[in-house]
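model the following, please.
(one chain, ligands or ions: 3)
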Amino acid sequence: MKTNAYAAYNATDLLKPFAFERRTVGAHDVKIDILYCGVCHSDLHQAHNDWKNSIYPMVPGHEIVGRIVEVGAHVEKFKVGELAGVGCFVDSCRTCPECRAGLEQYCTGTHGMSPTYNGYEQDHKTPTYGGYSTNIVVDEKYTLHVSDKLPLEGVAPLLCAGITTYSPLRHWKVGRGTKVGVVGLGGLGHMAVKLAASFGAEVTLFSTSKSKRTDAKQLGAHHFVLTSDPENFKPLAHNFDFIIDTVSATHDYSPYLDTLKTDGVMVCVGLPTDPISAPPFSLVGYRRSVAGSMIGGIAETQEMLDYCAEHNITSDIEVIPIQAINQAYERMVRNDVKYRFVIDMASLKNAPVPA
Ligand code: NAP
Ligand code: ZN
Ligand code: ZN
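Numbers count the residues shown, from 1 in each chain. Ligands and ions are numbered 1, 2, ... in the order given. Alright, predicted model coming up:
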């Protein structure tokens with residue numbers, strides 16, 4: 001049975017219809033009928049080969065939610081008919097110290113984790129194809145439970161944008177009394193604002209877009225700083241405990257460092273292609289750190305989904321048919337997204353299967 005999808009065939013052409021076969025459902029696998037898939041800036045980076053590691057044809061998409069339609073003989077956690085989610089990876093070695101500690105995203109096994117697309121299964125031969133498709137087959141260990149309390153289309157982006165911001169906020173213990181800066185109000189940035197505010201932190205949004213001031217406040221930010229004017233940084237010297245930088249494009253990290261308190265931490269989750277540089281004096285003077293963080297492990301992703309269900313947190317989205325994916329990419333490049341595109345996969349199910 002062919003699975004209908006959209007794929008990037010190379011770094012420059014538009015995404016086009018594609019068809020391929022998913023594996024048959026193994027004893028520990030579930031098959032998910034994909035209902036919605038979020039559109040992450042990483043999809044665009046990889047479709048365009050920004051990170052110089054792209055494998056084509058590529059079916060992007062790692063913010064997947066849908067319904068279980070088949071379960072393998074030994075599946076214990078899921079039943080047919082239940083909602084389920086898949087995030088940024090579909091397998092890992094399961095035995096390295098990171099995997100055993102629930103940090104599968106940092107798997108140090110021979111092949112590392114298997115990303116949901118633009119990578120290989122643990123055999124390092126079989127390419128993985130992501131969520132811009134009608135269904136996916138995944139080992140139940142790498143599949144998440146999704147609550148039916150929240151609108152499903154708003155839940156999809158939690159599988160990447162949600163966990164990528166939740167994990168560092170939790171790791172660095174952001175909560176009541178913490179002063180947090182969020183850099184960039186896009187898919188990740190708006191989730192960082194919502195989550196940090198819900199943890200009780202005082203949140204400042206740094207943005208290049210004057211027009212996002214009102215939205216930032218509505219999403220939960222207490223303060224807004226327009227970054228185009230360097231004067232706006234001056235009153236903020238030695239102000240923040242923690243900054244999360246979600247910007248997708250090359251930019252200067254150094255003005256933010258001076259806004260950190262002693263022992264303050266700036267965590268980069270955005271992945272522009274140019275190196276991060278920092279003036280040593282800005283770090284040395286107050287024992288400041290620059291760190292990185294990548295998505296989250298399976299247990300933490302489940303914790304995040306449960307937290308969001310309990311606190312009624314979803315992503316602010318614009319639903320599109322798959323046929324509008326190329327326009328969505330163009331709008332993402334122009335920074336015209338409020339705040340995540342989500343593909344309604346019904347649009348693909350009704351399309352003819354390409355030969
Ligand atoms: P997005 O929705 O496009 O948001 C990026 C935001 O960055 C924009 O909304 C904009 O915010 C700001 N921005 C864009 N161009 C800029 C420029 N030239 N200078 C300064 N700011 C600019 O992207 P996203 O999906 O949130 O992803 C953000 C980045 O995180 C991407 O690089 C993506 O690959 C990466 N990512 C990393 C992980 C991880 O695990 N670490 C996971 C997912 C994604 P303002 O308008 O407010 O300035
Ligand atoms: Zn992503
Ligand atoms: Zn591992």
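
going forward, measure contacts and count neighbours with C-alpha atoms only.
OK.

my guess is Leu188 contacts Thr165. True?
Yes - the pair Leu188 / Thr165 is scored as a contact, 6.6 Å apart, by CA atoms under 8 Å.

how about the stretch 151-300 of the chain: which residue is closest to ligand 2?
Cys160 (4.7 Å; CA to the ion).

quick check: the gap between that residue and Asp252.
Using CA to CA, to the nearest Å, we find Cys160 at a distance of 25 Å from Asp252.

same check, this time on Gly109
34 Å.

on that earlier part again, okay, Cys160 and Asp252: which has more neighbours?
Cys160 (27 against 10; other CA atoms under 10 Å).

please report the distance of Ala101 from Glu300.
To Glu300, Ala101 is 11 Å away according to CA to CA.

between the two, which has more neighbouring residues?
The neighbour count for Ala101 versus Glu300, taken as other CA under 10 Å, is higher for Glu300 (17 against 13).

three-state assignment of the nearest residue to the more buried one once chain neighbours are set aside?
Among residues not flanking Glu300 along the chain, Ser167 sits closest, at 7.3 Å (CA to CA, 6 or more residues apart in numbering). At Ser167 the chain is in helix, as set by DSSP: H, G, I helix; E, B strand; the rest coil.

what does the chain have sitting close to ligand 1?
Contact residues (CA under 6 Å from any ligand atom) of the chain with ligand 1: 40-42, 160-161, 164, 184-189, 207-209, 246-249, 251, 269-272, 293-295, 332, 335.

one step back: residues contacting the residue of the stretch 151-300 of the chain closest to ligand 2?
Residues in contact with Cys160, defined by CA atoms under 8 Å, 6 or more residues apart in numbering, are Cys40, His62, Glu63, Gly87, Cys88, Ile295.

now stretch 41-61: buried residues?
For stretch 41-61, burial by neighbour count (16 or more other CA atoms under 10 Å) applies to 41-49, 54-61.

which of those residues fall within helices?
His41, Ser42, Asp43, Leu44, His45, Gln46, Ala47 (DSSP state H).

angles on the backbone of the residue of the stretch 151-300 of the chain closest to ligand 2, please.
Torsion angles at Cys160 (phi, psi; degrees, to the nearest 10) stand at phi -130, psi -60.

run a quick neighbour tally on the residue nearest to Glu300.
Counted with other CA under 10 Å, residues neighbouring Ser167 total 20.

so it sits right up against Ile298, yeah?
No - counting by CA under 8 Å, Ser167 does not reach Ile298; the two are 11.1 Å apart.

who does the residue nearest to Asn135 when sequence neighbours are not counted form a beta bridge with?
Spatial nearest neighbour of Asn135, chain neighbours left out: Asp33 (4.6 Å); criterion: CA to CA, 6+ apart. For Asp33, the beta-bridge partners are Arg67, Asn135 (DSSP bridges).

burial of Asp33, as a residue count?
Using other CA under 10 Å: Asp33 sits among 22 other residues.

and the pLDDT at it?
You'll see Asp33 listed with a pLDDT of 98.

show me what contacts it?
Contacts of Asp33 by CA under 8 Å, 6+ apart are Gly66, Arg67, Ile68, Val69, Thr134, Asn135, Ile136.

roughly how far does it sit from Tyr117?
Distance from Asp33 to Tyr117, by CA to CA: 17 Å.

could you do Pro157 as well?
Separation of Pro157 from Tyr117 (CA to CA): 16 Å.

these two: who's more crowded?
Higher neighbour count among Pro157 and Tyr117: Pro157, with 32 against 24, using other CA under 10 Å.

then stretch 294-313 to PDB, C-alphas only?
Only the C-alpha atoms of stretch 294-313 are listed here, as PDB (Å, rounded to 0.1, in the frame of the first residue of the first chain):
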ATOM      1  CA  MET A 294      17.800  19.900  21.600                       C
ATOM      2  CA  ILE A 295      14.100  18.800  21.800                       C
ATOM      3  CA  GLY A 296      13.600  16.400  24.700                       C
ATOM      4  CA  GLY A 297      13.400  12.700  25.600                       C
ATOM      5  CA  ILE A 298      10.300  10.500  25.300                       C
ATOM      6  CA  ALA A 299       9.400  10.600  29.000                       C
ATOM      7  CA  GLU A 300       9.900  14.400  29.100                       C
ATOM      8  CA  THR A 301       7.800  14.900  25.900                       C
ATOM      9  CA  GLN A 302       5.000  12.900  27.500                       C
ATOM     10  CA  GLU A 303       5.300  15.000  30.700                       C
ATOM     11  CA  MET A 304       5.100  18.100  28.600                       C
ATOM     12  CA  LEU A 305       2.000  16.900  26.700                       C
ATOM     13  CA  ASP A 306       0.300  16.000  30.000                       C
ATOM     14  CA  TYR A 307       1.300  19.400  31.500                       C
ATOM     15  CA  CYS A 308      -0.200  21.200  28.400                       C
ATOM     16  CA  ALA A 309      -3.400  19.100  28.600                       C
ATOM     17  CA  GLU A 310      -3.800  19.900  32.300                       C
ATOM     18  CA  HIS A 311      -3.000  23.700  31.800                       C
ATOM     19  CA  ASN A 312      -4.900  24.100  28.500                       C
ATOM     20  CA  ILE A 313      -1.800  25.100  26.600                       C
END
